[in-house]
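In: Pasting the sequence and the predicted coordinates here, then a few questions.
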Amino acid sequence: MRLPDFIIGGAIKGGTTSLNYYLKQHPDVYMSVFKEPRYFAYEPDNPDHVAGRGLRFPIKTLEEYAALFDEAAEGQMAGEASPHYLRSPVAPQRICETIPDVKLIFSLRQPVKRAYSSYWHKVRLGLEDRPVEEALSEHDQAVLHGLYNQSLQGWYERFDRSQIKIILFEDMVRDGLGVFADLCRFIGVDDTFVPDMTARNKGGAMKNERLGRFYERIKTHPLRRAINPLVPERVRQKMASSRDQNLEEPPPMPEAIVRRLNAFYRDDIEGLETLIQRDLSVWKN
């Protein structure tokens, strides 16, 4: 049974789609064709998970999960990306029990900016129509997902530090190729390979709301996994380009919300600095 050598476990809106895209191009890497299988976050005793209410869990058995890596060639490093693992209460233990030697990758983004990006993502999907002041409360999942220190504790308790790679989204923007090369060394593949570094899953506000909703529904449709192989790559690229051209920078987050959320995250960021041994002063402003 083939299982992944590495997992990109989060964070949502932290650059995981781009990392998945970059690694998928590497000849020594096999990425699950099905992004976000979320297998290790599935809770069989959770009625909402079983009934498919809320977040979907398309892969529910180990056999289905292992099948995602059947086509990995001998010598390739296999991986998958499921950003919901980061905050899952069960994923750390389940992964530890199933593939204890796996390498784990977490891409973290300044939490206030990440929360704002998540808000606009829900707006594009038609899942959010509240004003940002109301939507980004300290009890909203978009905000809670940015408590990285809190979420990472369970991972560091179960896995050796050498198995965990923390990537900062800001470093990806500043030096994407350098971050990618370092990631290649971490998973044990050729670090001289240069992928197409075009950012994926671009965020923002919609210029044309109807067109934007159309593209977001296609991107998240349950049948996308089955249909994707039937659509020529050039057509998919053209649709992705059209989607990106329909996006624009959202208005600046109101300063009052920025101050409130910066204060909310301050203690968690300070704990994270100690945990990952990295100065995060730029995140505190």
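Out: Structure's in. What do you need? Numbers count the residues shown, from 1 in each chain.
In: Okay, and G9 sits in which element?
Out: Following DSSP states H and E, one finds G9 within strand 6-10.
In: That strand - contacts with which helices or strands?
Out: helix 16-24, strand 77-81, strand 103-108 (3 or more C-beta pairs under 8 Å, 6 or more residues apart in numbering; DSSP states H and E). Glycine gets a C-beta too; all of them are placed from N, C-alpha and C.
In: And the contacts of the last one?
Out: So that's strand 103-108. Residues outside strand 103-108 that contact it (C-beta atoms under 8 Å, 6 or more residues apart in numbering): 5-11, 14-16, 19, 86, 95, 148, 152, 155, 159, 163-169, 172, 183, 186-187, 272.
In: and it with strand 77-81, angle?
Out: 40 degrees (axes from the mean of the first three to the mean of the last three C-alpha atoms, to 10 degrees).
In: tell me how far strand 103-108 is from the chain's mean position?
Out: Centre-to-centre, strand 103-108 and its host chain are 9 Å apart (C-alpha atoms, centre = their mean, to the nearest Å).
In: If you count neighbours, what's buried in whichever helix or strand comes after that strand?
Out: Remark: after strand 103-108, the chain's next helix or strand is helix 111-125, criterion DSSP H and E. Using 16 or more other C-beta atoms under 10 Å as the test for burial, helix 111-125 gives 111-124.
In: what are the ranges of the helices in the stretch 151-285 of the chain?
Out: Assignment of helices within the stretch 151-285 of the chain using DSSP state H, counting those that start in this stretch yields the ranges 169-174, 176-187, 209-220, 224-227, 233-245, 255-276.
In: what comes up buried for the longest one?
Out: Meaning helix 255-276. Result for helix 255-276 [16+ other C-beta under 10 Å]: buried residues 257, 260-262, 264-265, 268-269, 271-273, 275-276.
In: residues in contact with that helix?
Out: By C-beta under 8 Å, 6+ apart, the list of residues contacting helix 255-276 reads 108, 111-112, 115, 132-133, 136, 138, 143, 146-150, 152-153, 156, 166, 278-280, 283-285.
In: Kindly recompute the last result at 6 Å.
Out: Identification of contacts with helix 255-276 by C-beta atoms under 6 Å, 6 or more residues apart in numbering yields 111-112, 138, 147-149, 166, 280, 283.
In: now for those, which pair is the farthest apart?
Out: E138 and I166 (24.3 Å; C-beta to C-beta).
In: ok, those two, which is more surrounded?
Out: Ranked by neighbour count (other C-beta atoms under 10 Å), E138 and I166 place I166 first, with 17 against 11.
In: where does this structure have low pLDDT?
Out: Along the chain, the model assigns pLDDT under 70 to residues 200-231, 233-248.
In: do that again at 90, thanks
Out: 33-35, 47-56, 120-129, 198-251, 284-285 (pLDDT under 90).
In: okay, which residue of it is out on the far edge from center?
Out: Distance to the chain centre peaks in the chain at A256, reaching 27.6 Å (criterion: C-alpha atoms, centre = their mean).
In: From P100, how far off is it?
Out: According to C-beta to C-beta, to the nearest Å, A256 stands 46 Å off from P100.
In: got it, and F180?
Out: F180 is 26 Å from P100, where distance means C-beta to C-beta.
In: okay, the two: which has more neighbours?
Out: Each of F180 and P100 has its neighbours counted (other C-beta under 10 Å); F180 has more, 23 against 11.
In: quick one: the more buried one from D70, how far?
Out: 26 Å.
In: again, but for V258
Out: Counting by C-beta to C-beta, the gap from V258 to D70 is 47 Å.
In: And L147, by the same measure?
Out: Taking C-beta to C-beta, one finds L147 at 36 Å from D70.
In: what sits up against the strand holding G9?
Out: So strand 6-10 is in contact with 16, 19, 79-81, 83, 85-86, 102-106, 187, going by C-beta under 6 Å, 6+ apart.
In: Parallel or antiparallel, list what pairs with that strand.
Out: Note on strand 6-10: by DSSP bridges, its sheet partners are strand 77-81 (parallel), strand 103-108 (parallel).
In: Appreciated, that's everything.
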